[in-house]
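*Asks:* 3D, please:
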Amino acid sequence: MRRPLLAVDGDSLAHRAYHALPKTIRRLGGRPAGALTGFSNMLLRLWESEAPRAILVAWDTLETPTYRHEAFAGYQGGREFDADLLEQLALLPELTEVLGFACAKGPGYEADDFLAAAAAAEEKAGGTVLVATSDRDAFQLASERTTLLQPVRGVSELARVGPADVRERYGVEPAQVPDFIALRGDPSDRLPGAAGIGPKKAADVLGAFGTLEAALAAGRFSAEAEDLRLYRRIATLDASAPLPPLNDHVPRWAEASSTVRDWGLTQLAERLAAKAAESSS
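*Replies:* Model prediction:
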């Protein structure tokens, strides 16, 4: 049986690692290292527990606005990242590639878009996908072949989310999640949603009409129609995002061990060296 593709939201899990671990974790020169350490340990656990055929790690490009930012000035407004976190986010894609995993990052796209593209490509090829992210926008990807792995306790515990779980949590189908977000709004992305519509009412509207567009065609939310269409477009992940090759691969534990040792991450280097020895025995 073909092993799953593991698609990882790098920014999402790096943020969780940064905030879950002590800020006292440092590397060479006293530089911050909590996100580097926590994220790497999570990748190791995922490799060991899920035995994927390959790992794709997707990243935001923070210095370049996406079409979402250009279409809606308030999108993700007010977000500020600690300088220590930004420093580590700049290093993590390099570490991902040194480990031998596929890395997806490009101007105009968010990490979620690459996750959507990977899920679509793997499903089309007849495979299965595990998507590791704490971003609930990705619930729209849940299917019979794609399962989400959602951190629920720091970076140490993951919940599996499939279509039935999306229905239980939101009262909608995965395909309706962008419509649901447009109606309900999304505080984390600063999307206001429809006036006076919370999660239950949003689910009720979609239960009655099926889609946001059908509700608008029936005369609902006429004063907000174009805004809601924009919010739905923003909430919809772009499965056309360009992907690197997703061939089966074997991690380069020894090379990664050498790299992180040079960075002053001795404990992580030892763990990676142990994985290299285990793989070669």
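*Asks:* all helices of this structure, in order?
*Replies:* Shown for the chain, the helices assigned by DSSP state H span residues 10-20, 34-50, 67-71, 83-98, 111-124, 163-170, 177-184, 199-209, 212-217, 225-235, 253-262, 266-280.
*Asks:* Between those helices, which one is closest to residue 146.
*Replies:* Closest of these to residue 146 is helix 111-124, at 4.8 Å (criterion: C-beta to C-beta). All C-beta atoms are positioned from the backbone trio N, CA, C, and that covers glycine.
*Asks:* So what touches the closest one?
*Replies:* The contact list for helix 111-124 (C-beta atoms under 8 Å, 6 or more residues apart in numbering) reads 5, 7, 9-12, 56, 58-60, 104-105, 128-129, 131, 133, 135, 137-138, 140-141, 143, 145-146, 237-243, 246.
*Asks:* likewise stretch 260-274?
*Replies:* Residues from elsewhere that reach stretch 260-274 (C-beta under 8 Å, 6+ apart): 26-29, 31, 33, 36-37, 40-41, 44, 91, 95, 253-254, 256-258.
*Asks:* now swap in stretch 219-238 and tell me
*Replies:* 68, 71-72, 75, 109, 112-113, 115-117, 137-138, 140-141, 177-179, 181-183, 185-186, 189, 191-195, 205, 209, 212-213, 215-216.
*Asks:* Could you turn the buried ones of these into a ChimeraX selection?
*Replies:* Buried residues among the contacts of stretch 219-238 (16 or more other C-beta atoms under 10 Å), as a ChimeraX selection:
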select :68,72,75,109,112,113,115,116,117,137,138,140,141,177,178,179,181,182,183,185,186,189,191,193,194,205,209,212,215,216
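*Asks:* okay, the helices of the chain, which one's buried deepest?
*Replies:* Ranked by mean neighbour count, those are led by helix 177-184 with a mean of 26 (mean count of other C-beta atoms under 10 Å).
*Asks:* With adjacent residues omitted, what lies nearest to residue 151?
*Replies:* Residue nearest to residue 151 in three dimensions, not counting chain neighbours: residue 134, with 5.1 Å by C-beta to C-beta, 6 or more residues apart in numbering.
*Asks:* Quick check, the one you found in contact with residue 149.
*Replies:* No. Contact criterion C-beta atoms under 8 Å: residue 134 and residue 149 do not qualify, at 9.6 Å.
*Asks:* more neighbours, these two?
*Replies:* A count of neighbours by other C-beta atoms under 10 Å puts residue 149 above the other of residue 134 and residue 149, at 22 against 18.
*Asks:* Just the pLDDT for that one.
*Replies:* Looking at residue 149, its pLDDT stands at 97.
*Asks:* so it makes contact with residue 131?
*Replies:* Yes. Counting by C-beta under 8 Å, residue 149 does reach residue 131; the two are 6.7 Å apart.
*Asks:* okay, and the common contacts of these two?
*Replies:* Common neighbours of residue 149 and residue 131 (C-beta under 8 Å, 6+ apart) do not exist.
*Asks:* roughly how far apart are residue 197 and residue 177?
*Replies:* The spacing between residue 197 and residue 177, counted by C-beta to C-beta, to the nearest Å, is 15 Å.
*Asks:* Any stretches of the stretch 101-250 of the chain with poor pLDDT?
*Replies:* Residues of the stretch 101-250 of the chain meeting the criterion pLDDT under 70: 154-156.
*Asks:* Regarding this protein, what is its longest strand?
*Replies:* Longest among the strand segments of the chain by residue count, using DSSP state E, is strand 146-153.
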